[in-house]
Every structure is written in structure tokens, then in C-alpha cells.
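Enquirer: need coordinates for the following:
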Amino acid sequence: MLKPRHLFHPVRTLRTARSLVSSNLLVRRSARAGKRRFAHDERYILQSVTDGFLPHTSEGTEDEALLQRICTAYKKAVAQEGCASDIYQATGWWQQVRTRSLGPVMKALLASDTKALHALYRNFFRDSCSAGLISIPPGMAKAYFQGGMRDLHRHYYLQDVLQSIDYWRLQTEGRFAIKELAGPAIGNPFGAFIEGTLVESGAEYRHGCAQSIKDRLIDPASAVAEIGGGFGGMAYYLLRNQHGMRYINFDVPESLALAAYYLGTAFPALKLLLFGEVEVTQRNIEQADVILMPLSQLEVLPQNSVALTFSAHAMSDLGNGAMAVYLQQVERISQDAFLYIGHEKGHQRLSATMAARAVPLQLVKSSGSDWNRHRSPETREVETLYKPSH
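Expert: Model (predicted):
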């Protein structure tokens, strides 16, 4: 729907209208194709989407201590970002997300308003505080979250979930039952019930990424670093039932705060370290389970301190100069491998930057990645594995 403010911005109005038309066409075409494809599939039950979008909140109480830690770490991370090199500043895209969607959560974090923060985070899957991190069909938030969901939108969402699940099974060679995609009832998640399991939005992809990492670890009890870990969805599957695994995430302050809430709530028994609480030393890495740090702290991480570094899409958004520095840091901290999943053009830029800046990372495997092919057939994505030379 066009809003009054668009009347004062003709160019923005045209772009918004085109986006809405494109989105509606995509939904209609995909819904029709999905109905044909899954016409005889016993999983194709529209009620599974209706039920999946009902509230799914836990009965857990507010963890005041965790929320206070999150606020303190956030303020320190914001201050650190303010004096960090341009290389470690948030991208222009994330700056736009902050301006458009993150005002309320940033205000709560900066004011240490834990009650307001808890109210936002306990509903983050459906709240703008997770903007840029949770996948909702473009322009469709009202259609799914404000009641009266139309069959058109249920058909669209269900076919999308089933195609993602089928690709997940292909990628993981059928090793896992659907119940392995279950997540914690944190943040009021939404999705579709498939074979009795609530499959959250994007769960197949996050579980698939976690499994790609696990399959490449020589020692299951290794340290893994991620650049741009979002709200911690991939990390949840990485850490679940994986005793001895250590996880270090480098991201923007707002994502770190949400990840601290999600992972700290999901795994209360794990030792969680936030920015400003301890120095990032080899000893502290070995003694912690989860470490969440601003991007600039990549330079502080000890050499060869993690077995593998992972990034999905995030590094391909960087400028050429920043990308070179990130790659140099990745090569320095990674003992065994660097795994990238994202756009093919991003991989090409990474490889070109490695060659131009003589970054000693060697490509050892590259394969197509079709997680989003059913949504955008023209999109070309890859999964690539690099080995450091040291």
C-alpha cells in the first residue's frame, strides 16, 4: 500500500509501486507453480501455515542480568565503532536499516531500558528490531501478521518452505529428520508445521550452513568464527548437542545484542562472553563457549585461534579496501579453512581481491548453491572453500 508520504516523493513512489507490483507477481506465480508441484504431496496442507503463524512464545521469565549485560556491551560496541577504522564501520545498507527500523531497540539499549528491550526481543521474529535478519516476503508483513491470511499467501509460503526443505534434504544427503530443524521458542518464531515440527523461516538454510561447517571440521570440539552471524540462528544449530564447540561472532552492535539474547536464552548453561567483559586472548577463547565481538576485534583475535571462519553473504557487501583487510584477517586467524556461501559475483570479487592483494588463501572447492534458486531463478550463488597457506 502506498502511504501519504510517498506523494511528496515521486521517484520513491514509483520505486515503491514497482516493488509492490513485482512482489505481488512473484507471489502469484510462485503460488500457482507450488500448487501444481505439490498437488499430491501429503505435506501440502494450508492449515500448517496458519498454525505456524500463530503466536509461539515461551513462558520463560525476563533475565534481567543478561539484558543488563547486553545493554552494557552494546554501548561499548557503539563507542568502539565510533572510533574504529572506516574499514570496520557498518555498511551503507546497515546504516539504512538502522535509520528505518532500529530506532526503538537502539533507544532501549542505550538507555538500559531492560523492560522495553525484553518486550521487543521476546517478539523479535515479528518485530522491526530484527530488520535485515529475518526473511519475510517483501511487502507481505501485513498479509501474514495482521490476521485474515489469504489462501494466496498461504500457498506461496508453503511451497517456499517445501522447496527449501527438499533442497536441505538434498544438501544434507537425507541424514536428518525434519525434527532436527526445530528451534527454541524464543522471539515468537513463525513458519509452517511440517511433519509435526514448526519449521521456522530460514531454518533449513541455517541448519544446512551449520552442517557444512561441521562436515569440514577435523575436530568437533573446535573454535569457529563467523563474520556477520545475524541473530545467531546458524550458531544455534552449530552449538546444539555439540559439546566442546566454541563460537566467535563478529558483527555490528545491534546484531550482536540480539544474538546475545537469543543464544544466551537458548543455552543458559554455556559461557557467554560479550564485548568489554574480557580481553580476547587465546586462554579466554578456550574457556568460553560463545564470544560476541564488534567487527574491529578481528584484529585482536590471536593467530590460528579458530579452525574455520565462515561468512554467508556478509563479506561480499564490503568495499574493495575493506574486503582485502577482512581477507587478510581471515587468513591470519583461520587454522584450516575459510567457508563462504553467497552470490557468485561476491565469490569472484573475493578471489580477485585475494589475487590483487596476494592474500594467501587457496580455493580448494567451489560448487553451486541453490538455496534461493526457486525464489529467484536468475540468482547465481556458490559455496566455496579456501585453505590458508600457513
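Enquirer: would you map the strands across this protein?
Expert: 191-194, 197-200, 223-227, 246-251, 272-274, 290-294, 306-312, 334-343, 361-369, 381-388 (DSSP state E).
Enquirer: ends of stretch 172-182, how far apart?
Expert: 16 Å (Cα to Cα, to the nearest Å).
Enquirer: oops, could you answer that again for stretch 58-68 instead?
Expert: Chord length of stretch 58-68, first to last residue, is 20 Å (Cα to Cα).
Enquirer: can you name the residues in contact with that stretch?
Expert: Here stretch 58-68 makes contact (Cβ atoms under 8 Å, 6 or more residues apart in numbering) with 112, 114-115, 117-118, 184-186, 260-261, 264-265, 268. Glycine gets a C-beta too; all of them are placed from N, C-alpha and C.
Enquirer: show me the shaky parts of this structure.
Expert: For the chain, applying pLDDT under 70 flags the ranges 1-21, 59-61, 137-140.
Enquirer: what segments of it are helices?
Expert: For the chain, the helices defined by DSSP state H cover 10-37, 47-52, 64-83, 92-101, 103-110, 114-121, 141-145, 151-171, 203-215, 233-239, 253-266, 282-287, 320-333, 344-356.
Enquirer: save the contacts of stretch 58-68 as TSV, and put in neighbour count and distance to S164 too.
Expert: Shown next, in TSV, are those (neighbours: other Cβ atoms under 10 Å; distance: Cβ to Cβ, whole Å):
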residue	neighbour count	distance to S164
S112	15	39
T114	20	35
K115	10	36
L117	25	31
H118	18	31
P184	17	20
A185	17	21
I186	23	21
A260	26	27
Y261	26	26
G264	22	28
T265	19	25
P268	11	30
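Enquirer: now for those residues, which pair is the farthest apart?
Expert: S112 and A185 (26.0 Å; Cβ to Cβ).
Enquirer: now do the contacts for L109.
Expert: By Cβ under 8 Å, 6+ apart, the contact set of L109 is 70-71, 74-75, 117, 254, 257.
Enquirer: repeat that for R43.
Expert: 162, 194-195.
Enquirer: let's see that with 10 Å instead.
Expert: Neighbour list for R43: 158, 161-162, 165-166, 178, 192-195 [criterion: Cβ atoms under 10 Å, 6 or more residues apart in numbering].
Enquirer: now, of those residues, which are buried?
Expert: 158, 161-162, 165-166, 178, 192-194 (16 or more other Cβ atoms under 10 Å).
Enquirer: now for those residues: which two are most distant?
Expert: The largest separation in the buried ones among the contacts of R43, counting by Cβ to Cβ, is between D166 and F193 at 16.7 Å.
Enquirer: can you tell me the closest non-neighbouring residue to A182?
Expert: Nearest residue to A182, sequence neighbours excluded (Cβ to Cβ, 6 or more residues apart in numbering): T197, at 5.1 Å.
Enquirer: and the one you found, how many residues sit next to it?
Expert: Residues near T197, counting by other Cβ atoms under 10 Å, number 17.
Enquirer: bridging residues for it?
Expert: I194 (DSSP bridges).
Enquirer: which of the helices of the chain sits closest to F310?
Expert: helix 203-215 (5.6 Å).
Enquirer: which positions within stretch 363-373 qualify as buried?
Expert: In stretch 363-373, counting by 16+ other Cβ under 10 Å, buried: 369-372.
Enquirer: and of those residues, the nearest to L26?
Expert: Minimum distance to L26 across the buried residues of stretch 363-373 is 12.3 Å, recorded for N372 (Cβ to Cβ).
Enquirer: name the nearest residue to G230, ignoring sequence neighbours.
Expert: Using Cβ to Cβ, 6+ apart, the closest residue to G230 is L133 (4.5 Å).
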